[in-house]
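Novice: Predicted model follows, preceded by the sequence.
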Amino acid sequence: MQNFHELHYTASGIALSGVKDVYEFTDKEIYLGLQEGSLKLIGSELKLIEVDLEKGFLKASGRLIALNYGGQSKEGFFKKLFK
């Protein structure tokens, strides 16, 4: 079975499936671990609204400017927080 992710960007926000971890987030960048790699969302006024790593789902708001796939894997923010 192949792993994949899906990203929806609308006026109401950003919805992303296939999320494995949240590495870092600021109001300008959200750096995520996906099932098949990593993704950096670059924008302005970015805010995490909902994160469910068990279901692999993330919801955010803000203006999306660019997507950057790849990069080095890191230990995630939420994994550090709940150690």
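Specialist: That came through, no problem. Numbering: from 1, shown residues only.

Novice: list the buried ones in the helix or strand where residue 59 lies?
Specialist: For residue 59, the host element (DSSP states H and E) is strand 57-69. Neighbour counts over strand 57-69 (16 or more other Cβ atoms under 10 Å) mark 58, 59, 60, 62, 64 as buried. Heads up, the C-betas are built off the backbone N, CA and C, glycines and all.

Novice: What's opposite the last one in the beta bridge?
Specialist: It stands for residue 64. The partner list for residue 64 in beta bridges (DSSP bridges) reads residue 43.

Novice: Could you do the first one as well?
Specialist: Going by DSSP bridges, residue 58 is paired in beta bridges with residue 16, residue 51.

Novice: you'd agree it is up against residue 16?
Specialist: Yes: Residue 58 is within contact range of residue 16, at 4.7 Å (criterion: Cβ atoms under 8 Å).

Novice: Need the residues touching each of the two.
Specialist: residue 32 (Cβ atoms under 8 Å, 6 or more residues apart in numbering).

Novice: can you give me the strands in this protein?
Specialist: With DSSP state E as the criterion, the chain has strands at 6-10, 13-17, 19-25, 29-34, 37-52, 57-69.

Novice: Looking at those, which one is packed in the most?
Specialist: strand 29-34 (a mean of 21; mean count of other Cβ atoms under 10 Å).

Novice: Closest one of the buried residues of strand 57-69 to residue 34?
Specialist: residue 58 (10.1 Å; Cβ to Cβ).

Novice: Apart from its neighbours in sequence, what residue is nearest the spatially most central residue of the chain?
Specialist: With distances taken as Cα atoms, centre = their mean, the residue of the chain nearest its centroid is residue 32 (4.0 Å). Among residues not flanking residue 32 along the chain, residue 39 sits closest, at 4.9 Å (Cβ to Cβ, 6 or more residues apart in numbering).
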